[in-house]
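A.B. asks: what's the 3D shape of this:
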Amino acid sequence: MQSPREVALQILYDIEKNGAYLNISFQSRGEKSGLSGRDAAFVKELTYGVMQRKLTLDKVIAQFSSVKLRKLAPYVLCILRMGLYQLFYMDKIPQSAAVNESVHLAGKYAGRSQGFINAILRRATQEGIQLPEGHDSEALSVRYSHPLPLVCWLQDQFGYEKALQILKENNEAPPLCLRTNVLKTTREALIVRLGEEGILAQNGAMSNVAVVAEGGGIRQTEAYAEGLFTIQDQSAQLVALALRPLPGQRVYDVCAAPGGKTTHLAELMEDKGQIMALDIYEKRLQSVEQAARRLGLSIITTYSDDARTFTANEKADKILVDAPCSGLGVVRRRPDIKYKEGLLDFSELVDTQLAILRRCGTMLKSGGELVYSTCTINPSENEGVIQAFLSENPAFSLMPISGEGMGEQAKAILKKGMGTFYPDKHEGDGFFIAKLKKE
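C.D. replies: Predicted structure coming up:
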């Protein structure tokens, strides 16, 4: 059985060498590793932390290394990042353990570079790290580990002060948020039940089903197996609450996987009616089906199709478009997004988002309602897309969101029919929600 650090190394190597996604690699390798809750939590903290601080860590490596970063073997680079992250960002790890365990890993995976890795880590321990001060974009890029173009974009969009707060928040660990399955329990009863299983939890402020929990191993609890809750960020919980489908209605969720919002729709409908959960990737729909079974939901039918061109025999009462987007609102949850090539080239995404909206507009009944949502804070993918769609489609208009089931802050942001939530300001991820009505 591999040690926790070995599992972490394999995840980071998979990302560095093969371009894997952090969340997918962590889930697949973490499950196969058979690690306990505490060890799995350590692996998550280490891998996600390294990806959060990768740019900063690489700057430190370059400071102490006589070899250019691009010439370092992937295993060497990953071990150095892991060692430095433990040294300077994990207070509970003794410096000697951070160095010695890294050297031990090097002996197994980068034998010829064992002395090189040992020398850099010991020198960093002795001399410390010097990060650039100041308010210029390059200093912020290194200090907060965001690529320079992203730092400049944030400043252009939001100004220096707000951009700085977003940079800081993107490097914070996101809270563990749950959504109560009200078809099986109440929020109060769920909190008590989690406490009995050693999980501290309290009410979330953004919705009346939100629970904020502490501790690892949440998927190993009996409450999870019994389908009493879904792991879902508080901002994401607002999407289904904005659409508010009624029992017996016909609903389309056209970008459904992995199913968090789909199952929330079914719970709001009291598992009565019809939900067509559509996604372009057939394999990803398995997660929707698995979630529905665990939560005890029967009205969800999955279909693999392209949301830009799909057809259905009947038009829907309500449609949810949780559109593919840049993900700039969930960087703290998926730190590898920051380094994605072409991250700030939004034109193709906007075209896709508009194409999906146009198609869904034709598949919605007269008098029907549509919610468009993204997990980005980019105005061109949010207000820009909605304004472009409305200018083309006079039969549609923004619809005030009632706020039923939402916290007071969320109600205020969405009362006019659309609004953006920011990770530095609200309790959830960065999110955009708009509600349209077809006259």
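
A.B. asks: So which residues of the stretch 251-400 of the chain form strands?
C.D. replies: Secondary structure of the stretch 251-400 of the chain (DSSP state E, counting those that start in this stretch): strands at 274-279, 300-304, 316-322, 364-374, 396-398.

A.B. asks: Just checking, which helix or strand succeeds the host helix or strand of Gly49 along the chain?
C.D. replies: If you go by DSSP states H and E, Gly49 is part of helix 37-52. Sequence order places helix 54-64 as the next helix or strand after helix 37-52, per DSSP H and E.

A.B. asks: what's in contact with that next one?
C.D. replies: Contact with helix 54-64 is made by 50, 68-69, 72, 77, 80-81, 84-85, 88, 120, 123-124, 127, 129-131, 141-147, 335, 338-339, as judged by Cβ atoms under 8 Å, 6 or more residues apart in numbering. To be clear about C-beta, it is placed using only N, CA and C from the backbone, and glycine gets the same treatment.

A.B. asks: Pull the contacting residues for Leu278.
C.D. replies: 252-256, 302-305, 307, 310.

A.B. asks: Give the bridge partners for it, please.
C.D. replies: Per DSSP bridges, the residues bridged to Leu278 are Tyr303.

A.B. asks: Could you report the pLDDT at it?
C.D. replies: Per-residue pLDDT puts Leu278 at 97.

A.B. asks: Equivalent analysis for the one 5 residues further on, please.
C.D. replies: Note for Lys283: predicted pLDDT of 92.

A.B. asks: now swap in the one 5 residues further on and tell me
C.D. replies: Model confidence at Val288, expressed as pLDDT, equals 98.

A.B. asks: same deal with Arg70?
C.D. replies: According to the prediction, Arg70 has pLDDT 92.

A.B. asks: before we move on, what about the one 4 residues further on?
C.D. replies: According to the model's per-residue confidence, Pro74 sits at a pLDDT of 95.

A.B. asks: do the one 5 residues further on as well
C.D. replies: Each residue has a pLDDT score; the one for Ile79 is 97.

A.B. asks: Tell me who's in contact with it.
C.D. replies: 9, 102, 105-106, 109-110, 117.

A.B. asks: so which strand or helix has it?
C.D. replies: Going by DSSP H and E, Ile79 is in helix 74-89.

A.B. asks: Report the angle between that helix and helix 37-52.
C.D. replies: Taking axes from the mean of the first three to the mean of the last three Cα atoms, to 10 degrees, one finds helix 74-89 and helix 37-52 inclined to each other by 100 degrees.

A.B. asks: Following helix 74-89 in sequence, what is the next regular element?
C.D. replies: Past helix 74-89, the next helix or strand by DSSP H and E is helix 95-109.

A.B. asks: tell me how far the helix holding Ile79 is from the chain's mean position?
C.D. replies: Here helix 74-89 shows a centroid-to-chain-centroid distance of 24 Å under the convention Cα atoms, centre = their mean, to the nearest Å.

A.B. asks: Kindly report the same for stretch 1-21.
C.D. replies: Remark: stretch 1-21 is offset 20 Å from the chain centroid, using Cα atoms, centre = their mean.

A.B. asks: So for it, mean pLDDT?
C.D. replies: On average, the pLDDT along stretch 1-21 is 92.

A.B. asks: Ranking helices and strands of the protein by mean pLDDT, which lands last?
C.D. replies: Across the helices and strands of the chain, mean confidence by mean pLDDT, DSSP states H and E is lowest for helix 22-33: a mean of 82.

A.B. asks: list the buried ones in that helix?
C.D. replies: Residues of helix 22-33 classed as buried: 22, 25-26, 29-30, 33 (neighbour count, 16 or more other Cβ atoms under 10 Å).

A.B. asks: Show me which of those residues is closest to Asn171.
C.D. replies: For the buried residues of helix 22-33, the residue nearest Asn171 by Cβ to Cβ is Leu22; the value is 14.7 Å.

A.B. asks: Val331 is in contact with that closest one, correct?
C.D. replies: No: look at Leu22 against Val331 with Cβ atoms under 8 Å: they stay out of range, at 11.5 Å.

A.B. asks: Just the buried ones out of the contacts of Leu278, please.
C.D. replies: Buried among these by 16+ other Cβ under 10 Å: 252-256, 302, 307, 310.

A.B. asks: And those residues, which is closest to Ala205?
C.D. replies: So of these, ranked by how close each gets to Ala205 (Cβ to Cβ), first place is Asp253, at 25.8 Å.

A.B. asks: which parts of stretch 91-110 are buried?
C.D. replies: The neighbour-count check on stretch 91-110 (16+ other Cβ under 10 Å) flags 93, 98-99, 101-103, 105-106, 109-110 as buried.

A.B. asks: Run through who's touching it.
C.D. replies: For stretch 91-110, contacts defined as Cβ under 8 Å, 6+ apart pick out 5-6, 9, 73, 75-76, 79-80, 82-83, 86-87, 90, 113-114, 117-118, 121-122, 125.

A.B. asks: Buried ones only from those, please, as a PyMOL command.
C.D. replies: Only the buried entries of the contacts of stretch 91-110 go into this PyMOL selection, using 16+ other Cβ under 10 Å:
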select buried, resi 5+6+9+75+76+79+80+82+83+86+87+113+114+117+118+121+125
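
A.B. asks: Find the nearest non-adjacent residue to Glu138, please.
C.D. replies: Nearest non-adjacent residue to Glu138, counting by Cβ to Cβ, 6 or more residues apart in numbering: Leu148, 6.2 Å away.

A.B. asks: same thing with Glu289?
C.D. replies: Counting by Cβ to Cβ, 6+ apart, the residue nearest Glu289 is Thr302, at 5.9 Å.
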